[in-house]
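Chemist: Sequence and computational prediction follow.
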Amino acid sequence: MEYSMSPTPASTIVLFEHIETKLLTVNGICPDIVHHTNDDQSCPTKSDWVTGRWGEELVYNYLKWKHRSQGKNIHITWLNETSESGEPYDIIIEDSKNTCDYIEVKSTVSNHCHAFPISIEQVSWFMKLKNNYYIYRVYNVFNKQQVCIRILNNLRENLHKHYLSLEMKINDPNPINNGDTQ
């Protein structure tokens, strides 16, 4: 099933693939529990790490199921399966011609939170790779009755056309003090 974002003119509808809950639960793709401990120092909280880990495992299981059911000769590697790789993507799909697709998974417990952090390394990769870098946004993590995935593709083009946007946040430990100088 495809998902069209709004508001866009009918002649320029952007389609992002949307994977529904039924497909993920009926085929046993949803992980039961997170099996590893948090050794990733980049996550501010354990709950962030667990949320991300569950989403990555879900996407990895989905990709294995999808490509196995299609009979494709591909190799899927989950880079963070045993520990955080530090790469600007979480999963690599390599086909028989050695062509690779790179997947970054962004997970949330919400069903409507469309914003997520993205690193400069991730931006550099999708700007360079154009059509081979995808973001899989997992919604409703831990809720097997409502979990779903939206696949963002053609990131560079969709940013250029304003169907996606980037925002910047000031991570300043020194708050503004209303004009007082100290």
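Modeler: Here it is on my side, so go on.

Chemist: who touches the strand or helix carrying Arg68?
Modeler: For Arg68, the element it lies in under DSSP states H and E is helix 46-69. Residues outside helix 46-69 that contact it (Cβ atoms under 8 Å, 6 or more residues apart in numbering) are 19, 24, 27-31, 34, 36, 38, 40, 43, 74, 76, 78, 80-81, 90-91, 93, 103, 105-109, 136, 138, 141-142, 147, 149. Glycine gets a C-beta too; all of them are placed from N, C-alpha and C.

Chemist: for that helix, which positions count as buried?
Modeler: Neighbour-count burial for helix 46-69 flags 49-63, 66-67 (criterion: 16 or more other Cβ atoms under 10 Å).

Chemist: same question, stretch 154-169
Modeler: In stretch 154-169, counting by 16+ other Cβ under 10 Å, buried: Asn154, Leu155, Arg156, Asn158, Tyr163, Leu164.

Chemist: Filter those residues down to just the ones in helices.
Modeler: Under the assignment DSSP state H, the buried residues of stretch 154-169 contribute Leu155, Arg156, Asn158 to helices.

Chemist: The residue nearest to the first one when sequence neighbours are not counted: what's it in contact with?
Modeler: Nearest in space to Leu155, with sequence neighbours left out and distances taken as Cβ to Cβ, 6 or more residues apart in numbering, is Phe126 at 4.3 Å. Shown here is Phe126, whose contacts under the criterion Cβ under 8 Å, 6+ apart are Tyr133, Ile135, Leu155, Arg156.

Chemist: on contacts alone, who are the packing partners of the strand or helix carrying the second one?
Modeler: By that I understand Ile135. Assigned by DSSP H and E, Ile135 belongs to strand 133-139. Judged by 3 or more Cβ pairs under 8 Å, 6 or more residues apart in numbering; DSSP states H and E, strand 133-139 is in contact with helix 46-69, strand 100-107, helix 120-129, strand 148-152, helix 155-160.

Chemist: give me that answer again for 7 Å
Modeler: The elements that strand 133-139 packs onto, with contact taken as 3 or more Cβ pairs under 7 Å, 6 or more residues apart in numbering; DSSP states H and E, are helix 46-69, strand 100-107, strand 148-152.

Chemist: Many thanks, we can stop here.
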